[in-house]
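# Give me a 3D structure for the following:
(one chain, ligands or ions: 1)
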Amino acid sequence: MSASTLPNATLTEAYRALTPGSAALAAKAKIAMPSGIAHDSRHFDPYPIYVQRALGPVKWDVDGNKYVDYFGGHGSLLLGHCHPTVMAAVHAALDKGTHFGACHELEVRWAELIMQMVPSAERVRFTSSGTEATLMALRLARAYTGRPKLVRFRGHFHGWHDHMTNGYSNHFDGSATSGVLPGVADNVLLCDPNDVAGITRIFNEHKDIAALILEPTGANFGKMPILPSFLTLLRDLTKQAGALLIFDEVVTGFRVSPGGVQAAVGITPDMTTLAKIVSGGMPGGAVVGRKDIMDWLDFAAAKAAGTEKVAHLGTFNANPISAAAGIATLEIVKSTDACARANAFGAEIRTRLNEVLIEEKMKWAAHGSNSGFHIFTNPEGDNVVPGAFDAAAFIPKMLNKPRGEGVTALLRMGMLVNGVDMNSGPSAWISAMHGEEEMTTTVEALRATVRALKREGVVS
Ligand SMILES: Cc1ncc(COP(=O)(O)O)c(C=O)c1O
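Below is the predicted model of the structure:
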């Protein structure tokens, strides 16, 4: 069965008809796990798809439906699913043992590669996730500066630990989110992206700022873009204030360019957080940065300085399987045009999706940068012209809209029914393996979805 065999069905009816196996698994999952899921972004009404296998740029669900995959392991699979070199490295590592409870050769090679590729990486400390990387970066910043406060931007995501929750998708006033101590939120200063007066005021009024962290292409991989001039201002302001600038390159690292955003734009932060591509689609992350900051993790350096070392443990830090996948991936990223290919696909597909929107007379826009795209569904009916959309000007409207609800949820469902899996943005992470076939499927999926939404009276 496919969407074309269900011409009169609504999107929801078609989705249910195509995915009975996923429905059955979701019913069981709801009894075992809150909402039946393991990650909030997988929450989807009436139920999410359950995936069985994946290869290159595509994946198949338990009902045999094939999808062009723009979830890409939450952005970790720049080389697509099951890249043969990465898989061979993982299998070889598995055969030698999953955990040695000891230092091993691969972690050294892995750290060396990161230092060669990422301009700010004078030293590397591995973690088990991006969340742990941003947690450690903040702790190091506080230890190094002796100051308490962290500056963040509304809408930017840095993982789910206590200092990173308010201002991402709610609590834009800076108050503490459910389960977080008010005292923690009090030490986080929120600013609007690209707000020159706002960020200048924050640095003028607060002399106790340890660090500023941001997604350097803007929230959610450029969905809410950061202007290049603003990035330069942040480098200057943090330097003048003696605060540390942290680039959260968990998504953009080894993706925007082999050296991340910092190499692409020539601005070197004091610290960088990495995850996803760094460990080649396996669990892992790293915080990297200036030696004098990273020395707070170094036993001998802390002793020599007479300071209390910052503690850091973690059972799976630099585990050999992630190290093997990470090395194989980074070597390919370093020596091929993988980033450039994914970026070129991004530019081309944004153009072609906008052509569909123009043809269908929709005031929506496909936008984004590098190897990503996002679809703005214009909830307030503004005068949006596809292909000439200034996303930065619409950040306030994007911030206050709940993700994955209403039209965007139906859009996502329509794309699924037509063989394309995007995240709830709705946004896409593109791999270097996406090609013309995936491009055509995606463009036609958008056209079919828009037409279905018109038929259902959801959009006009
Ligand atoms: C920019 C950014 N920072 C941090 C994180 C957290 O990484 P993890 O999910 O590995 O904890 C993410 C996850 O998507 C992210 O996109």
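
# Which residue ranges of the stretch 101-250 of the chain form helices?
Here the stretch 101-250 of the chain has its helices, by DSSP state H, counting those that start in this stretch, at 105-117, 130-145, 182-186, 196-205, 219-222, 228-241.

# One more: the stretch 251-400 of the chain?
Taking DSSP H, counting those that start in this stretch as the criterion, the stretch 251-400 of the chain carries its helices at 260-265, 291-294, 299-305, 320-335, 338-359, 395-399.

# Burial check on the nearest residue to T273 once chain neighbours are set aside, number of neighbours?
Computed as C-beta to C-beta, 6 or more residues apart in numbering, the closest residue to T273 that is not its neighbour in sequence is A133, at 3.9 Å. (Glycine included, C-beta is placed from N, CA and C.) When neighbours are counted by other C-beta atoms under 10 Å, A133 registers 30.

# How about the one 5 residues further on?
Neighbour count of L138, defined by other C-beta under 10 Å: 26.

# That one and the ligand, how far apart?
Going from L138 to the ligand by C-beta to the nearest ligand atom, to the nearest Å gives 12 Å.

# so what's that residue up against?
By C-beta atoms under 8 Å, 6 or more residues apart in numbering, the residues touching L138 are 150, 163, 210-211, 213, 246.

# same thing with F172?
154, 166, 190, 399-400.

# Report the buried members of these.
Those of those that meet the buried threshold are 154, 166, 190, 399, by 16 or more other C-beta atoms under 10 Å.

# hang on, isn't A324 packed against T85?
No - with contact defined as C-beta atoms under 8 Å, A324 does not count as touching T85 (10.6 Å).

# and those two? which has more neighbours close in?
More crowded of A324 and T85, by other C-beta under 10 Å: A324, with 25 against 14.

# circling back: check the contacts of L138 and tell me the two furthest apart.
Greatest spacing in these, by C-beta to C-beta: H163 and I246 (11.8 Å).

# Those two: which is more packed in?
Higher neighbour count among H163 and I246: I246, with 31 against 19, using other C-beta under 10 Å.

# Not counting its neighbours along the chain, what's nearest that one?
Ranked by C-beta to C-beta, 6+ apart and with sequence neighbours excluded, the top spatial neighbour of I246 is I213, at 4.2 Å.

# The lowest-mean-pLDDT helix or strand in the chain packs against which elements?
One helix or strand of the chain scores below all others by mean pLDDT, DSSP states H and E: helix 395-399, with a mean of 91. Counting contacts by 3 or more C-beta pairs under 8 Å, 6 or more residues apart in numbering; DSSP states H and E, helix 395-399 is packed against strand 224-225.

# for the strand it packs on, packing partners?
Going by 3+ C-beta pairs under 8 Å, 6+ apart, strand 224-225 lies up against helix 395-399.

# The following helix or strand past the helix it packs on: which residues count as buried?
For helix 395-399, the following helix or strand on the C-terminal side (DSSP states H and E) is helix 406-417. Neighbour-count burial for helix 406-417, counted by 16+ other C-beta under 10 Å, picks out 407-417.

# and these near the ligand, which?
Cross-checking those against the ligand (C-beta under 6 Å from any ligand atom) gives no overlapping residues.

# okay if I get the residues you listed as CSV plus pLDDT?
Converted to CSV, the buried residues of helix 406-417 look like this (pLDDT from 0 to 100):
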residue, pLDDT
V407, 93
T408, 93
A409, 94
L410, 95
L411, 96
R412, 96
M413, 97
G414, 97
M415, 98
L416, 98
V417, 97
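
# Kindly indicate which of the residues you listed lies nearest A9.
Nearest to A9 among the buried residues of helix 406-417, counting by C-beta to C-beta, is V417 at 8.8 Å.

# pretty sure that closest one contacts E13?
No - in this structure V417 lies outside contact range of E13 using C-beta under 8 Å: 9.6 Å.

# could I get the buried residues of helix 406-417 as JSON lines with distance to S76?
Output for those, formatted as JSON lines (distance: C-beta to C-beta, whole Å):
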{"residue": "V407", "distance to S76": "28"}
{"residue": "T408", "distance to S76": "23"}
{"residue": "A409", "distance to S76": "24"}
{"residue": "L410", "distance to S76": "28"}
{"residue": "L411", "distance to S76": "24"}
{"residue": "R412", "distance to S76": "20"}
{"residue": "M413", "distance to S76": "24"}
{"residue": "G414", "distance to S76": "26"}
{"residue": "M415", "distance to S76": "21"}
{"residue": "L416", "distance to S76": "21"}
{"residue": "V417", "distance to S76": "26"}
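
# In a markdown table, list the helices of the stretch 251-400 of the chain along with distance to T441.
As requested, the helices of the stretch 251-400 of the chain are exported to a markdown table (distance: least, C-beta to C-beta, whole Å):
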| stretch | distance to T441 |
| --- | --- |
| helix 260-265 | 29 |
| helix 291-294 | 45 |
| helix 299-305 | 53 |
| helix 320-335 | 25 |
| helix 338-359 | 11 |
| helix 395-399 | 26 |
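
# Tabulate those helices in a markdown table, adding columns for distance to the ligand.
Below are the helices of the stretch 251-400 of the chain laid out as a markdown table (distance: least, C-beta to the nearest ligand atom, whole Å):
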| stretch | distance to the ligand |
| --- | --- |
| helix 260-265 | 11 |
| helix 291-294 | 19 |
| helix 299-305 | 27 |
| helix 320-335 | 11 |
| helix 338-359 | 16 |
| helix 395-399 | 16 |
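
# quick one: which of those has the weakest pLDDT on average?
Across these, helix 395-399 has the smallest mean pLDDT, namely a mean of 91.

# Buried residues in it, which are they?
395, 398-399.

# ok, now stretch 25-42?
25-26, 29, 36-37.

# and A323, how many neighbours?
25.

# Wait, it touches A111, no?
No - between A323 and A111 there is no contact under C-beta under 8 Å: 9.2 Å.

# Which residues of the stretch 151-300 of the chain lie near the ligand?
Within the stretch 151-300 of the chain, the residues that sit near the ligand (C-beta under 6 Å from any ligand atom) are 157-159, 215, 248, 250-251, 275, 285.

# Just put those residues in TSV and tack on distance to H171.
Formatted as TSV, those follow (distance: C-beta to C-beta, whole Å):
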residue	distance to H171
F157	14
H158	14
G159	16
E215	18
D248	19
V250	21
V251	22
A275	24
G285	25
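
# filter the residues you listed to the buried ones?
157-159, 215, 248, 250-251, 275, 285.

# Any idea which of the helices of the stretch 251-400 of the chain gets closest to S41?
Short answer: helix 395-399, nearest of those by C-beta to C-beta, at 16.4 Å.

# What lies in contact with the closest one?
154-155, 172, 192-194, 219, 223-224, 376, 379-380, 382, 391.

# Thank you kindly, that will do.
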